[in-house]
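A.B. asks: Following is a predicted model, sequence given first.
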Amino acid sequence: MTAIYATDPAQTRGRRVSEEESTFRSCYQRDRDRIIHASAFRRLKHKTQVFIEHEGDYYRTRLTHSIEVAQVARTIAGALGLNPELTEAIALAHDLGHTPFGHTGEDALSALMEPYGGFDHNAQAIRIVTHLERHYADFDGLNLTWETLEGLAKHNGPVEAPVPWALQTYTEAHDLELHTFASAEAQVAAISDDVAYNHHDLHDGLRAELFSTDELAELPILQGCFEAVDRRYPGLNYYRRRHEALRRFFGLLVEDVIEFAQRRLRDLDPRSAGDVRTAGRTIIRFSDEVFADLKVIRAFLFDRMYRAPAVVEMRARVTCVVEELFPYFLAHPDQLPKQWRKDVEAAEGETALARIVSDYIAGMTDRFALQEHERLIAT
């Protein structure tokens, strides 16, 4: 049953460019479908989470991560009576603005862009879906609904000053009300991101042999998951045992979000989607107890995975790739692809050119960035 505080597609604030709506899809279904067919979404297949894309076929990419986030988000949205299509659209699009090489690439590009207004992956996602995707005859971008754009801009909460330039530029023309919290659907997409990466980073770290199953079994929440598996399946083989334990961990996180959100929604008693936006606090989140346990797990992952010598070594390598590509294209904009050169010709000043170069590099996949670096600089 749809909750009274769910976002109603019949009450959408619409699209920036007016369009005739579909006769058989809601506006949020249409948003979701446009995101899936976007070039930036396809490129997520070859963008990394933690490990560089070519290091192994079993590690998560931004694409598989986005699909996992969308699956979790639909489950939670359904349990809370929210709009599943809006939730899914935001979940699928939330990582579109990420650079190649994960947060390592973003850190490098942010430092390079500091003299030109900086770089922020959430703001870049807005830039992609409102400007950089150029396939439609009537508009740049995907012309998504206000609610989907709002969810992308502030699914992690109100955007405080200084607002990233890419987001500020857009909201000056189309106000996304950055000072408020986002819809419950956007909040579900945000917490589903946390559920997904807390789960799959453990999987990927085990596969990379950066820590052992026994070490994992000593961590909060996971200890109980392994004990439950051992009681039910004594003598289960190594791989099935850890999969069953991680599956239970995944389920416990989802259940905690649903139960805690239901409690907070009862306390708030929102009578509309707008009441969630103006509640003054995040409604959809982990309980305090689970959040504290997850901090311990994240500290473990930070020490054993994100700062593992092999990962640090690769981070240094790919940082150099970004740091060398950026000034190269800034000095040689004629080396940008043909479809980018009209933007270069219209650019006024170094800042405008740097933002074009930033857009181009941010859109690269891991493998393409490495290939371009080899072709243009390393040889």
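C.D. replies: Done, it's in. Numbers count the residues shown, from 1 in each chain.

A.B. asks: How about the contacts made by the spatially most central residue of the chain?
C.D. replies: Nearest to the mean C-alpha position of the chain, by C-alpha atoms, centre = their mean, lies D95 at 3.0 Å. Taking C-beta atoms under 8 Å, 6 or more residues apart in numbering, we find D95 in contact with 44, 47, 62, 65-66, 121, 125. C-beta coordinates here come from the backbone N, C-alpha and C atoms, glycine included.

A.B. asks: how close does L294 get to T87?
C.D. replies: According to C-beta to C-beta, to the nearest Å, L294 and T87 sit 22 Å apart.

A.B. asks: Comparing those two, which residue is more hemmed in?
C.D. replies: T87 (32 against 19; other C-beta atoms under 10 Å).

A.B. asks: okay but the more buried one is in contact with E185, surely?
C.D. replies: Yes. Assessed by C-beta atoms under 8 Å, T87 is found in contact with E185 at 4.2 Å.

A.B. asks: Can you check which residues contact both of those two?
C.D. replies: In contact with both T87 and E185: A77, using C-beta under 8 Å, 6+ apart.

A.B. asks: Show me this protein divided up by domain.
C.D. replies: Per automatic domain parsing, the structural domains of the chain span 24-171, 186-310, 311-378.

A.B. asks: of all these, which lies closest to T2?
C.D. replies: domain 24-171 (5.4 Å; C-beta to C-beta).

A.B. asks: for A182, what are its contacts?
C.D. replies: A182 touches 150-151, 153-155, 157, 190, 277, counting by C-beta under 8 Å, 6+ apart.

A.B. asks: check contacts around the residue lying closest to L82 once chain neighbours are set aside.
C.D. replies: Distances taken as C-beta to C-beta, 6 or more residues apart in numbering place A6 nearest to L82, at 4.7 Å, with adjacent residues excluded. Neighbour list for A6: 81-83, 184-185, 273 [criterion: C-beta under 8 Å, 6+ apart].

A.B. asks: Just after the longest helix seen in the chain, pick out the following helix or strand.
C.D. replies: When the chain is parsed with DSSP state H, its longest helix is helix 238-268. Using DSSP states H and E, the next helix or strand after helix 238-268 towards the C-terminus is helix 273-277.

A.B. asks: The very next helix or strand once past that following helix to helix 238-268, inter-axis angle?
C.D. replies: Sequence order places helix 288-301 as the next helix or strand after helix 273-277, per DSSP H and E. In terms of direction (axes from the mean of the first three to the mean of the last three C-alpha atoms, to 10 degrees), helix 288-301 departs from helix 238-268 by 140 degrees.

A.B. asks: avg pLDDT for helix 288-301?
C.D. replies: Mean pLDDT, computed over helix 288-301, is 97.

A.B. asks: try stretch 330-345
C.D. replies: Rounded mean pLDDT across stretch 330-345 is 93.

A.B. asks: same question, stretch 116-124
C.D. replies: Averaging pLDDT along stretch 116-124 yields 96.

A.B. asks: Please apply the same query to stretch 205-222.
C.D. replies: pLDDT averaged over stretch 205-222 gives 93.

A.B. asks: Dump that stretch to CSV, restricted to CA.
C.D. replies: This file holds the C-alpha atoms of stretch 205-222, laid out as CSV (Å, rounded to 0.1, in the frame of the first residue of the first chain):
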residue,chain,number,x,y,z
GLY,A,205,38.4,-7.8,0.3
LEU,A,206,38.1,-11.5,1.0
ARG,A,207,38.4,-12.3,-2.7
ALA,A,208,41.6,-10.2,-2.8
GLU,A,209,42.9,-12.0,0.3
LEU,A,210,43.4,-8.7,2.1
PHE,A,211,42.0,-10.3,5.3
SER,A,212,40.7,-13.7,6.4
THR,A,213,37.3,-15.1,7.1
ASP,A,214,38.4,-15.7,10.7
GLU,A,215,39.2,-12.0,11.1
LEU,A,216,35.9,-11.1,9.6
ALA,A,217,34.1,-13.4,12.0
GLU,A,218,35.4,-11.4,15.0
LEU,A,219,33.8,-8.1,13.9
PRO,A,220,30.5,-6.7,15.3
ILE,A,221,27.3,-8.1,13.7
LEU,A,222,29.4,-10.5,11.6
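
A.B. asks: do you know how far V195 is from V257?
C.D. replies: From V195 over to V257 (counting by C-beta to C-beta), the distance is 7 Å.

A.B. asks: can you check A190 too?
C.D. replies: Distance check for A190 against V257: by C-beta to C-beta, it reads 11 Å.

A.B. asks: Need the overlap of contacts for those two.
C.D. replies: Contacts common to A190 and V257, judged by C-beta under 8 Å, 6+ apart, are I284.

A.B. asks: Looking at those two, which one has more neighbours?
C.D. replies: V257 (26 against 23).

A.B. asks: related to what we said a few turns ago, between all of the contacts of A182, which two are separated the most?
C.D. replies: Of all pairs in the contacts of A182, the most separated under C-beta to C-beta is A190 and R277 at 13.9 Å.

A.B. asks: Please list only the buried members of the contacts of A182.
C.D. replies: When those are checked for burial by 16 or more other C-beta atoms under 10 Å, the buried set is 150-151, 153-155, 190, 277.

A.B. asks: In helices, which of those fall?
C.D. replies: 150-151, 153-154, 190, 277.

A.B. asks: With distance to R285 and pLDDT as extra columns, can I get these in CSV?
C.D. replies: As requested, these are arranged in CSV below (distance: C-beta to C-beta, whole Å; pLDDT from 0 to 100):
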residue, distance to R285, pLDDT
E150, 18, 98
G151, 16, 97
A153, 19, 97
K154, 15, 95
A190, 9, 98
R277, 15, 96
